[in-house]
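Below is the sequence, then the predicted model.
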Amino acid sequence: RPKIAEGASSPRASWETNLSARAFAVCLSVWLFTSCIVLLRVPFFYPMLEEPELRLRDQFFAWRSFIRQNPGTADIMLVTIDDESIRRLGAYPPWPRVVYAALLDRLKEAGTSVVGLDFILDCGAAFESGASSRLTPRLKEFIQAKIDTKWEPGQPDDDKKLIAALGRSNLVLPAIKTDFLPQGHILKEYFSDAISEISSTGDVTLEPDFDGIIRRVALVTDLDGQPKTSFALRLAERKWRSSALIMEHKHIVARGREIPATMTINFAGPEGTFPNIPFWRMLEELPAKSSTGSTNMQLPSQFKNKVVLIGFQRGGGENTDWTMFGAASSYSLRTPLSTPRSRMSGLELQANILANLLTNRYLNEPSPGELVIVLLLCSFLFGYLFRIFHGRPWWMLGGVMTFIAVWVIWSFLSFVYLDYLVPCGLVILGIALPS
């Protein structure tokens, strides 16, 4: 057996050193390739990594329901315009202004904190022939004019009642371009000065991802070259009684904490998670006013200090587009919790965004720099594993599968308890399997 000169390394040690270097070189090459795809969003390759990542994140919402309910729904209530409300009133919205005025006044008396109208006060309501015969005595108290044919907008007394109710309420409306409204329009009269319009309206625009699913919301948008606060953020400002500061680098400062201008929504649950009361039932249960102007009864205490959103609930079948009847937000949206038969109304989606702001429980995504560091650490880990298990393919396969299982569990627990989106599919498909 030949002797090895003193100070010289053995062939086996030299071979193991070269193997370790090759393993790390391969893993670092994979890391560099994947990082370039992610940072540069290389066509064809990037969607192959992004789509599985988003699908796995969507699945986390379903898994979370078995472990923990996401808080944030207690301070928000919905008053929904649904199919039954339309049937009972005998017409599609918008309805006579006095109906909304009465509801706003009673909500104020019930002690609500803020009210958000997720619909546009526009055009008239065509009542079906004989609709008055189907109205209950309670509903007839609100609609006193003849409605067998058609109620027309612009009736002075009717409009004045709503304008007065809007002025008395702590209210947020959808942002629309009032410059193009005709003179004398109710919104043009309500927004008599630019300051009231800016402070009382919010943008309801929601942009889906490439697959048509709503996962994020822009809290500040560009409207005619000017920054415009979103509908949910405007409601939160009214609830906080303080305005958010729009800073550079796409961040917002509100109540001493920093919020990203584009927020990843932490959905509380599927459609129906937030407590809601149909519009028609609210009208039935509204306390009647006596001759002295006082109310004979009080609305339930469940409205006390709550944020109340009034708008359309998904219904009427897949082909009913509520935007035809004044809905501001889209009537039916795909979310991570959607199924082919169950989508989410724009009203409930706005409630989810508002809940995230009020509880500071939105989802945090890693920055590009943090993402590159995570991928780098994982590539070093795989280089080490491949060195240890070289020549033992079954051990190597077991090590990879164990890492994937542990990483998925860690990502899910971070999602549930830390509200942090640890990259999961990207690490598995971009580092683990290619290495």
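On my side now, so go ahead. Numbering: from 1, shown residues only.

Show me where the stretch 1-150 of the chain has its helices.
With helices called from DSSP state H, counting those that start in this stretch, the stretch 1-150 of the chain shows them at 11-40, 45-64, 83-89, 97-109, 137-140.

Which strand residues bridge Val172?
Gly116 (DSSP bridges).

Go ahead and confirm it touches Ser113.
No: Val172 is beyond contact range of Ser113, at 11.5 Å (criterion: CB atoms under 8 Å). In this view, the C-beta of every residue, glycine as well, is placed from N, C-alpha and C.

quick revisit: deepest-packed of the helices of the stretch 1-150 of the chain, please.
helix 97-109 (a mean of 21; mean count of other CB atoms under 10 Å).

helices and strands around it, which ones?
Judged by 3 or more CB pairs under 8 Å, 6 or more residues apart in numbering; DSSP states H and E, the packing partners of helix 97-109 are strand 114-117, helix 156-168, helix 279-285.

shared neighbours, Val172 and Ser113?
Here Val172 and Ser113 have Arg238 as joint contacts, going by CB atoms under 8 Å, 6 or more residues apart in numbering.

So if I had to pick from these two, which one is more boxed in?
Shown here are Val172 and Ser113; by other CB atoms under 10 Å, Val172 has more neighbours (27 against 16).

how near is Thr273 to Phe382?
Using CB to CB, to the nearest Å, Thr273 is found at 40 Å from Phe382.

Including mean neighbour count and mean pLDDT, could the helices and strands packed on helix 97-109 go into a markdown table?
Shown next, in a markdown table, are those (neighbours: other CB atoms under 10 Å; pLDDT from 0 to 100):
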| stretch | mean neighbour count | mean pLDDT |
| --- | --- | --- |
| strand 114-117 | 25 | 91 |
| helix 156-168 | 16 | 73 |
| helix 279-285 | 19 | 79 |
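
follow-up on the earlier one: which one of the helices of the stretch 1-150 of the chain lies nearest to Val308?
Comparison of these against Val308 by CB to CB identifies helix 97-109 as nearest, at 5.8 Å.

still on that earlier bit, Thr273 and Phe382: who's more crowded?
Higher neighbour count among Thr273 and Phe382: Phe382, with 25 against 22, using other CB under 10 Å.

packing partners for the helix or strand that one falls within?
Per DSSP states H and E, Phe382 falls inside helix 368-388. With contacts defined as 3+ CB pairs under 8 Å, 6+ apart, helix 368-388 has these neighbours: helix 11-40, helix 393-413, helix 425-427.

Show the average pLDDT along the shortest one.
Model confidence over helix 425-427 averages 88 on the pLDDT scale.

And that helix, what does it pack against?
Helix 425-427 sits against helix 45-64, helix 368-388, with contacts defined as 3+ CB pairs under 8 Å, 6+ apart.

ditto for the second one
Contacts of helix 393-413 with other secondary structure elements, assessed using 3+ CB pairs under 8 Å, 6+ apart, are made with helix 45-64, helix 368-388.

Apply 10 Å and report the result again.
Under the contact definition 3 or more CB pairs under 10 Å, 6 or more residues apart in numbering; DSSP states H and E, helix 393-413 sits against helix 45-64, helix 368-388, helix 425-427.

in it, what counts as buried?
Met396, Gly399, Val400, Phe403, Trp407, Val408, Ser411, Phe412 (16 or more other CB atoms under 10 Å).

How about the helix or strand containing Ala236, which residues are buried there?
Element membership of Ala236, judged by DSSP H and E, is helix 231-240. For helix 231-240, the neighbour count (16+ other CB under 10 Å) marks Phe231, Ala232, Leu233, Arg234, Leu235, Ala236, Glu237, Arg238, Lys239 as buried.

Could you measure from Arg168 over to Val115?
11 Å.

Please disregard the earlier target; I meant Leu283.
15 Å.

returning to that earlier point: got TSV for the helices of the stretch 1-150 of the chain, with mean pLDDT and distance to Tyr420 too?
Formatted as TSV, these follow (pLDDT from 0 to 100; distance: least, CB to CB, whole Å):
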stretch	mean pLDDT	distance to Tyr420
helix 11-40	75	18
helix 45-64	91	11
helix 83-89	79	40
helix 97-109	83	37
helix 137-140	64	49
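
Go through these and name the closest to Val422.
It's helix 45-64; of these, that one is closest to Val422 (CB to CB) at 10.0 Å.

For that closest one, name the packing helices and strands.
helix 11-40, helix 393-413, helix 425-427.

Name the nearest of the buried residues of helix 231-240 relative to Leu49.
Distances from Leu49 to the buried residues of helix 231-240, taken by CB to CB, are shortest for Ala232, at 30.3 Å.

Quick check: the closest one touching Glu348?
No: Ala232 is not in contact with Glu348 according to CB atoms under 10 Å; the separation is 11.8 Å.

which residues are in contact with both of these two?
Common contacts of Ala232 and Glu348, defined by CB atoms under 10 Å, 6 or more residues apart in numbering, comprise Leu309.

end to end, how far does stretch 260-280 reach?
38 Å (CA to CA, to the nearest Å).

Now do the buried residues in that stretch.
Quick answer for stretch 260-280 (16+ other CB under 10 Å): 260-261, 263-271, 273-274, 276-280.

among those residues, which are in strands?
Pro260, Met263, Thr264, Asn276, Ile277, Pro278 (DSSP state E).

Could you find the closest non-adjacent residue to the fifth one?
If you skip the residues right next to it in sequence, Ile277 has Val79 as its closest partner in space, 5.6 Å away by CB to CB, 6 or more residues apart in numbering.

What's opposite Gln226 in the beta bridge?
Per DSSP bridges, the residues bridged to Gln226 are Leu223.

Check the gap between it and Pro93 for me.
30 Å.

Have a look at the two and say which one is more surrounded.
Ranked by neighbour count (other CB under 10 Å), Gln226 and Pro93 place Pro93 first, with 23 against 8.

So the more buried one sits against Thr80, correct?
No: contact criterion CB under 10 Å: Pro93 and Thr80 do not qualify, at 11.7 Å.

what is in contact with these two at once?
Joint contacts of Pro93 and Thr80 (CB under 10 Å, 6+ apart) are Phe279, Phe312.

Confidence-wise, which helix or strand of the chain is lowest on average?
None of the helices or strands of the chain scores lower by mean pLDDT, DSSP states H and E than helix 194-200, at a mean of 52.

Distance of Glu210 relative to Thr339?
Check again: residue 210 is Phe, not Glu. Using CB to CB, Phe210 is found at 20 Å from Thr339.

same deal with Val408?
From Val408 over to Thr339 (counting by CB to CB), the distance is 23 Å.
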